[in-house]
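Undergrad: coordinates only, sequence not included:
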């Protein structure tokens, strides 16, 4: 039956889809060089996607096909983080759910590749085209089920339409649909949206067929991201009252056939992960995240919600509508308020407790994307029940402004204007609403976060302050501080238009290796003698073997952001987990590369080694 009054929400779906397709085509598929599609599989998505060619094309659980010279240039899609060695064997770090969701589209891509005579290696453009199509399909499905969820709360179609615009265009879901289409978030969003709808319908109507569908969806949710089992905590809220919740629970056992069917369907799907573990390692269960985990004793709640590095409400400000939504629930239904608040607090607590609270490189607080359909329910209720036409108009206008800001920020992140991991208030203010090319790649990084405690190694720290010779440091370009005081002492390291390099720290690995995982920390003070002098300068940490062949090269921008020459000394700090393949004869080198031969001073250039110790 066609739903009445659905014109506005349908129109919103069309608008969101058109904008997303436009974004996907011009800012990912085509890109700046016409081959933007080649970067569609990147970061963690290399692991999510690799299951498909490994299993269906190469039957290669060790992923050695990446090194096969007959497979062209697909080695670029191999990540050093893809495989994790455990006591039970070597496995793909990522879970199989995304690959399961992509499987029908992978076969379509394979068929298309055969039809157009493209390489059947899993990484030619027909495969990637189908990944993009899959992302758009699941994106639309998630929004479709969100619409259906909101209709069960008697939300008007105009409000639903606006919520769809908020979700599709006013959040980072747009980015993870159109740009990083093989990341897990859009697939989790679709699955959780569908699960919430079918569980809501089961609670309201006690239709046991909904229970079976929900069981299948829950299994897929866990396959994609196991921690999203948390979604079951929203069920009490979906019931709407203790009476309905009790009735829904009792009905599970009235006709056990449906419960048993849902259970076996759930188990059959979850078994896919155990089967793949066994295919790769010979063991039925492997903890594939190695040393990573949650730190429940130290949740970073404030940072997760409000920090300029990755704060949820900074990069997805439309979600501030959750707050008036909670106020509405408190006033209208205390049970729903308590149930929803408990679910929300648990979700925030768990997400904030991951060891890397900002979840590495990424746009915004991406762990919340999976739950946007849940987070939008109170926002929709708040909008629906604004009685004053004037207030409603003002709220809709302000939300429209926030949607526009989000669209600009999606664009800015895509083109490296917003830094993927090292934002702060000063940087955010500098690039806020900026889209020009001169703002691209101008923000510097900082130290790499580690899962564990950093224990300084005694006697393994060396500071070049220019005042006297230091072990392992060369002493070039050290001059008396004349134009302005040194940061410490009377000498500085000078970089000018006549030199690219200054002193270097160079040490054999045997002098710092301990047999444990190590961290290299570098700090230095810098002062510019001309505007933006340090913007192009790089701090380099490199590792070479005993013959001088380079094994690793890590560049980091010296300056945190473009600055005027103001005679102020500023500190930069960098940290890096050292690669595990370093051997005693290797040489580690740290230095600054003055690429554009600009004028600046350095002082107190320090290199330290620390041991990464596990949490107790």
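TA: Happy to help now that I have it. Worth saying up front: this structure is predicted, and the values here are computed from it rather than measured. Numbering: from 1, shown residues only.
Undergrad: any idea how far residue 606 lies from residue 38?
TA: 40 Å (Cβ to Cβ, to the nearest Å). For the C-beta atoms, the positions are set from N, CA and C on the backbone; glycine is no exception.
Undergrad: and the residue most central in space within the chain, what are its phi and psi?
TA: The residue lying closest to the centre of the chain (Cα atoms, centre = their mean) is residue 362, at 3.7 Å. Dihedral pair for residue 362: phi 160, psi 170, per degrees, to the nearest 10.
Undergrad: correct me, but it touches residue 419?
TA: No: counting by Cβ atoms under 8 Å, residue 362 does not reach residue 419; the two are 10.9 Å apart.
Undergrad: Parallel or antiparallel, which strands does the longest strand along the chain pair with?
TA: If you go by DSSP state E, the chain has its longest strand at strand 600-613. Using DSSP bridges, strand 600-613 pairs in its sheet with strand 453-464 (antiparallel), strand 491-495 (antiparallel), strand 518-528 (antiparallel).
Undergrad: correct me, but residue 330 touches residue 336?
TA: No: between residue 330 and residue 336 there is no contact under Cβ under 8 Å: 9.0 Å.
Undergrad: neighbour-wise, which of these two wins?
TA: For the pair residue 330 and residue 336, the greater number of neighbours falls to residue 336 (23 against 14), based on other Cβ atoms under 10 Å.
Undergrad: Read off the pLDDT value for the residue nearest to residue 361 when sequence neighbours are not counted.
TA: Closest residue in space to residue 361, ignoring its immediate chain neighbours: residue 420 at 3.8 Å, by Cβ to Cβ, 6 or more residues apart in numbering. If you check residue 420, the pLDDT there is 94.
Undergrad: Now do the helices in the stretch 251-400 of the chain.
TA: 256-281, 301-306, 312-315, 322-332, 334-352, 372-384, 389-414 (DSSP state H, counting those that start in this stretch).
Undergrad: can you tell me which of the ones you listed comes nearest to residue 248?
TA: Nearest of those to residue 248, taken as Cβ to Cβ: helix 256-281 at 11.8 Å.
Undergrad: Give me the next element, helix or strand, following the least confident helix or strand in the chain by mean pLDDT.
TA: The weakest-scoring helix or strand in the chain, judged by mean pLDDT, DSSP states H and E, is strand 83-86 (a mean of 77). If you walk from strand 83-86 toward the C-terminus, the next helix or strand you reach (DSSP states H and E) is strand 89-92.
Undergrad: which residues are contacting that next one?
TA: Defining contact as Cβ atoms under 8 Å, 6 or more residues apart in numbering, one finds that strand 89-92 is touched by 47, 50-51, 54, 62-63, 82-84, 276-277, 280-283, 286, 288.
Undergrad: of these, buried ones?
TA: Among these, those classed as buried by 16 or more other Cβ atoms under 10 Å are 47, 50-51, 54, 63, 82-84, 276-277, 280-281, 286, 288.
Undergrad: and which of these is nearest to residue 120?
TA: Out of the buried ones among the contacts of strand 89-92, the member with the shortest distance to residue 120 (by Cβ to Cβ) is residue 54, at 14.2 Å.
Undergrad: residues contacting that closest one?
TA: Contacts of residue 54 by Cβ under 8 Å, 6+ apart are 60, 61, 63, 65, 92.
Undergrad: On the three-state scheme, the fourth one is what?
TA: To tie it back to what came earlier, the one meant is residue 65. Under DSSP: H, G, I helix; E, B strand; the rest coil, residue 65 falls in the helix class.
Undergrad: Quick check, it in contact with residue 75.
TA: No: here residue 65 does not reach residue 75: they are 9.5 Å apart, not a contact under Cβ under 8 Å.
Undergrad: Verify the stated contact: residue 426 with residue 562.
TA: No: in this structure, residue 426 is not within contact of residue 562 by Cβ under 8 Å, at 11.3 Å.
Undergrad: more crowded one of these two?
TA: Counted by other Cβ under 10 Å, residue 426 and residue 562 do not tie: residue 562 has more neighbours, with 18 against 12.
Undergrad: Break this structure down into its domains, please.
TA: Under the assignment automatic domain parsing, the domains of the chain span 7-71+85-285+299-414, 453-613.
Undergrad: Please identify the deepest-packed of the ones you listed.
TA: domain 7-71+85-285+299-414 (a mean of 19; mean count of other Cβ atoms under 10 Å).
Undergrad: So what's the gap between that domain and the chain middle?
TA: 13 Å (Cα atoms, centre = their mean, to the nearest Å).
Undergrad: so how far does that domain reach from one end to the other?
TA: One end of domain 7-71+85-285+299-414 sits 32 Å from the other (Cα to Cα, to the nearest Å).
Undergrad: So residue 219, which state does it fall into?
TA: helix.
Undergrad: Quick check: closest non-adjacent residue to it.
TA: Per Cβ to Cβ, 6+ apart, closest to residue 219 is residue 269, 3.6 Å.
Undergrad: Report the separation between the one you found and residue 513.
TA: 45 Å.
Undergrad: ok, back up a step: out of the helices of the stretch 251-400 of the chain, the one nearest residue 458 is which?
TA: Nearest to residue 458, of the helices of the stretch 251-400 of the chain and by Cβ to Cβ, is helix 301-306 at 31.8 Å.
Undergrad: average pLDDT across the closest one?
TA: In the prediction, helix 301-306 has an average pLDDT of 97.
Undergrad: I'd like to know which elements it is packed against.
TA: Applying 3 or more Cβ pairs under 8 Å, 6 or more residues apart in numbering; DSSP states H and E, we find helix 301-306 packed against helix 312-315, helix 334-352.
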